[in-house]
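just need the structure, nothing else, for what follows:
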Amino acid sequence: MAVMKKHIPSQLILAVSILIIGGGLVGGEYLLVKWYPGHRQRVSEETLKQRPYHNDALEIDIQIAEGLYGNAEIFPNGVKISRSKFWSIGPSLTITSQPNPDQTFEYSQEVLAKWESRGAVEDLPLYHVEHTKINNRDAMMIRELKGRYMHLTARIMCRERIIEADCSPGAVDETLYMDACDQTLRSIKVAGAEPPPSPGVVELSPTPAAKIK
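All right, here's what the predicted structure looks like:
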């Protein structure tokens, strides 16, 4: 007696396939629309949250983004703070102190011009210099590509020394961690003599109106 083989109807297979694919698409849409933006926001807030750091040797106080905070390696005239990543190169922050040969509180126009033209002279990709103030001290923020990774460097002027802080996101989220670097570097406070206050604007009292006799 011949054994009758049972076949699953192709229409049923097609219906089940459509149901599975449809369910996967709905679940994926939920993750993208509902869950992921909130997760991204939480990661950003946790990464940018700051914690205080003080270094007696460098005489600095700084608010370091949580995403950058990690092991601190002390060396002469400097410190390197890095967070290791098992699968990639993690972010790092290196702060050093060097003598200020000009013994001034501000960069000269010649020094500024040299740094600003460095990108064109040396043909450096993605190079940009911002002349700014960091906690009332003259400073430069230098953005450039070094090797495979972006770096953001702050050079802060004091009369006796220059504090240089170099920060890199490494191979992690460049946009988020460059923001972490920027906020961290702009928080640096350096002890010691501060620049003299800028001359204030002299307000002239209005001339009294002449009385008509």
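
for T47, give me the pLDDT.
Listed pLDDT for T47 reads 86.

and P91, how many neighbours does it have?
P91 has 28 neighbours, counted by other Cβ atoms under 10 Å. C-beta here means a position set from N, CA and C on the backbone, and glycine is covered the same way.

so E194 is in contact with K133, correct?
No. Counting by Cβ atoms under 8 Å, E194 does not reach K133; the two are 11.7 Å apart.

excluding chain neighbours, give the residue nearest to G67 in space.
Excluding its sequence neighbours, the residue lying closest to G67 (Cβ to Cβ, 6 or more residues apart in numbering) is T47, at 3.5 Å.

ok so the one you found is a helix residue?
Yes. Secondary structure of T47 (DSSP: H, G, I helix; E, B strand; the rest coil): part of a helix.

so what strands line up beside the helix or strand where E73 lies?
In this assignment (DSSP states H and E), E73 forms part of strand 71-75. Applying DSSP bridges, strand 71-75 is found paired with strand 78-82 (antiparallel).

contact partners of the partner strand?
53, 55, 57-58, 64, 68-73, 90-97 (Cβ atoms under 8 Å, 6 or more residues apart in numbering).

please redo it, this time with the cut-off set to 6 Å
With Cβ atoms under 6 Å, 6 or more residues apart in numbering as the contact definition, strand 78-82 has outside contacts at 55, 70-73, 92-96.

now these in CSV, with neighbour count, pLDDT and distance to M150?
Output for those, formatted as CSV (neighbours: other Cβ atoms under 10 Å; pLDDT from 0 to 100; distance: Cβ to Cβ, whole Å):
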residue, neighbour count, pLDDT, distance to M150
N55, 16, 96, 25
G70, 18, 87, 19
N71, 10, 90, 22
A72, 13, 92, 22
E73, 12, 94, 22
S92, 22, 95, 12
L93, 26, 97, 14
T94, 18, 97, 15
I95, 23, 98, 18
T96, 17, 98, 19
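
understood, closing this out.
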